[in-house]
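**Student:** I'll drop the sequence and a predicted model, then ask my questions.
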Amino acid sequence: GAGVSQSPSNKVTEKGKDVELRCDPISGHTALYWYRQSLGQGLEFLIYFQGNSAPDKSGLPSDRFSAERTGGSVSTLTIQRTQQEDSAVYLCASSSSWANEQFFGPGTRLTVL
Amino acid sequence: AQSVTQLDSHVSVSEGTPVLLRCNYSSSYSPSLFWYVQHPNKGLQLLLKYTSAATLVKGINGFEAEFKKSETSFHLTKPSAHMSDAAEYFCVVSDRKGNTGFQKLVFGTGTRLLVSP
């Protein structure tokens, strides 16, 4: 079946603009994760959704970052008033439950000019 | 909090020679450990995982890793490198919140494996 997909694959934006990044998890996967991969910080956890439970937002770096997951499937990560330090690859992963292997999407490369 | 340390940022080998990528972990309880591989412009792919069963774990593409509690290590090995193994490898530990909490993955800084002909 299809894996995790993310769109867009690349996004270039100007400082101060808002951006939305989309993640389509594997069908039937109840858990969804967002990670960020940047040169200075490596790979870091951002946020986690499990079913209809309240998300774990403990990894979000600032209140400019938010995410939602509609209908327990597609997720959108929103970054408001983007800054240059937001430039990174944003990775989405899903798993069939909280304990199982996480499958990663190809990522969205965000460049803030 | 759980953490992993990858001791080498780059490892260079010749095709056909053994591969050793080193990883040490820090965990306050019995950890779940993983190795992921990332090829250029590709997503992360799970190579293998350790979850307190057999200490020698076999993964895909001929890779294996051995969990050594006494050394807090989880080194990744392969007997014979192929050109296609050239990629970035991440050692990962799960930071599980209680028995029902989620499994946040904590990544090492990565080791870039270079394979020469």
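**Tutor:** Sure thing, it's come through.
**Student:** tally of neighbours for residue A:62?
**Tutor:** 11 (other C-beta atoms under 10 Å in any protein chain shown). C-beta coordinates here come from the backbone N, C-alpha and C atoms, glycine included.
**Student:** pretty sure it belongs to a strand, no?
**Tutor:** No: using DSSP: H, G, I helix; E, B strand; the rest coil, the assignment for residue A:62 is coil, not a strand.
**Student:** Show me the shaky parts of the chain.
**Tutor:** Looking at chain A here, since you left the chain open. Flagging of chain A using pLDDT under 70 yields the residue ranges A:1, A:98-99.
**Student:** um, chain B though
**Tutor:** Residues of chain B that meet the cut-off, pLDDT under 70, sit at B:96-102.
**Student:** Show me which strand runs longest in it.
**Tutor:** Ranked by residue count, the top strand of chain B under DSSP state E comes out as strand B:87-96.
**Student:** Any idea how far that strand is from the middle of the chain?
**Tutor:** Using C-alpha atoms, centre = their mean, to the nearest Å, the mean C-alpha position of strand B:87-96 is found 6 Å from that of the whole chain.
**Student:** The helix or strand just after it - contacts with which helices or strands?
**Tutor:** As assigned by DSSP states H and E, the chain's next helix or strand after strand B:87-96 is strand B:103-107. Here strand B:103-107 touches strand A:31-38, strand A:42-50, strand B:3-6, strand B:87-96, going by 3 or more C-beta pairs under 8 Å, 6 or more residues apart in numbering or on different chains; DSSP states H and E.
**Student:** Residue A:102 contacts residue A:33, doesn't it?
**Tutor:** Yes: shown here, residue A:102 and residue A:33 form a contact pair, counting by C-beta atoms under 8 Å, at 6.2 Å.
**Student:** Looking at those two, which one has more neighbours?
**Tutor:** Set residue A:102 next to residue A:33 and count neighbours by other C-beta under 10 Å: residue A:33 wins out with 29 against 25.
**Student:** quick one: the strands in chain A?
**Tutor:** Going by DSSP E, chain A shows strands at A:5-7, A:10-13, A:19-24, A:31-38, A:42-50, A:65-69, A:75-79, A:88-95, A:103-104, A:108-112.
**Student:** And the spatially most central residue of chain A, how far from residue A:88?
**Tutor:** The residue lying closest to the centre of chain A (C-alpha atoms, centre = their mean) is residue A:34, at 3.5 Å. Between residue A:34 and residue A:88 the computed distance is 11 Å (C-beta to C-beta, to the nearest Å).
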